[in-house]
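K.L.:
Could you work out the structure for the sequence below:
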Amino acid sequence: MEAAVFQSSLNFDVYSLESQGTQKYLGNTQQKPEGVELPAAGIWLVSPRLYPPSAEGYAPFAVEMRKQSVPGLNLSERDLSLKDMAPFLSLTHLRYLSLKANHNGITSEVWSAISVFRDLRWLDVSMTRAGAGSDLHDLRRLSHLRYLSLYGTGLTAAALESVASLKELQALDLGDNPIERIDAHLEELAGLERLAYLSLARTDVSDAGTTPLAQFKSLQALVFFDTKITSESYPALARMSELTNLDLSRTLVDSKGLSALKALRRLTLLDLRETRTTAAGVLLSGIRRKDLKILQSNKRLKDALVFGFPSDMP
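P.N.:
Numbering: from 1, shown residues only. So this is what the prediction gives:
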């Protein structure tokens, strides 16, 4: 079977969407006039490049995307305004959208505009201040979302009710946000019965927050990187029987009570880097298994691991 390609006379970068929510560069239509080969799974995005600048702006790109039914749009890392977004608002078929690290942030007007994409499965608005002082009410219209990254958006507790309304969510990144009293508010997300991946990295979550998290029966990957979690959380974590990946790196956990995690028989990766655990403590805990990879190191970490997660986004 011949591989599908994306071909255009306009200047597009093409990316595939990986299971971790990251994007893999596939090529550029100017450099590959014969077409950029697309992934078999059909999960891909294009990024319009206005080089050189044109008086028509993004309008020709939107026309081309509509003509070829392009499923995803990457407008990350640029000075995006509502005027720039306007040509793309007719692409109501979009399933994948990245506005990551937009220098102008995301205003309430842009949020309202995004809500026309009712068929979105994947949305990345990380590092945009999109949640600063907002309840993100327009987010509720995107009821088919399976992946949502709100990392570093200035998110507050006021927005969690809107997030909790997204019943099809499978992966959620709430990392690096000043969510006040986050432990008490985590229970609001318990209705997300399909949630398999949750990142609370660099938030104020504490041991008290692990109790409501134990209600999340479908959680498979949980990230606590750079938080105040201690060994007091081990008993609650041990009740999360579906966990396959657990990131406790740069937390305050130690080896005391680590044996409680023996209950996590599905666990395949445990990250204990930059913690107070010791190699001897891990050995004595009895948690080591052939099918469990345990990471331990005192080397300074830049960020958390990126886990894969199950998805039926297409």
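K.L.:
Quick one: neighbours of K302, just the number.
P.N.:
4 (other CB atoms under 10 Å). To be clear about C-beta, it is placed using only N, CA and C from the backbone, and glycine gets the same treatment.
K.L.:
no no, S285
P.N.:
For S285, the count of nearby residues is 18 (other CB under 10 Å).
K.L.:
repeat for Q20
P.N.:
Using other CB under 10 Å, Q20 has 15 other residues around it.
K.L.:
Double-check that it belongs to a helix.
P.N.:
No - counting by DSSP: H, G, I helix; E, B strand; the rest coil, Q20 is not found in a helix; it is coil.
K.L.:
distance of it from R118?
P.N.:
With distances taken as CB to CB, to the nearest Å, Q20 is found 25 Å from R118.
K.L.:
go on, S233?
P.N.:
Distance from S233 to R118, counting by CB to CB: 38 Å.
K.L.:
These two - which one has more neighbours?
P.N.:
Neighbour tally, S233 and R118, criterion other CB under 10 Å: the higher count belongs to S233, 27 against 12.
K.L.:
ok, I114 - contacts?
P.N.:
Contacts for I114 were tallied using CB atoms under 8 Å, 6 or more residues apart in numbering; they are 85, 97, 99, 106, 123, 138, 142.
K.L.:
And F117, by the same measure?
P.N.:
Taking CB under 8 Å, 6+ apart, one finds 91-92, 94, 97, 142 in contact with F117.
K.L.:
Also L174?
P.N.:
Contacts of L174 (CB under 8 Å, 6+ apart): 150-151, 155, 163, 198-200, 203.
K.L.:
out of the contacts of I114, who's nearest A263?
P.N.:
A263 lies nearest to L123 out of the contacts of I114, by CB to CB, at 34.6 Å.
K.L.:
my read is the closest one is in a strand, agree?
P.N.:
Yes - the assignment for L123 is a strand, going by three-state DSSP.
K.L.:
What separation do you get for it and K167?
P.N.:
Counting by CB to CB - L123 and K167 are separated by 15 Å.
K.L.:
If you tally nearby residues, what's the number for the nearest residue to S165 once chain neighbours are set aside?
P.N.:
Spatial nearest neighbour of S165, chain neighbours left out: R140 (4.7 Å); criterion: CB to CB, 6 or more residues apart in numbering. Using other CB under 10 Å, the number of residues around R140 comes to 15.
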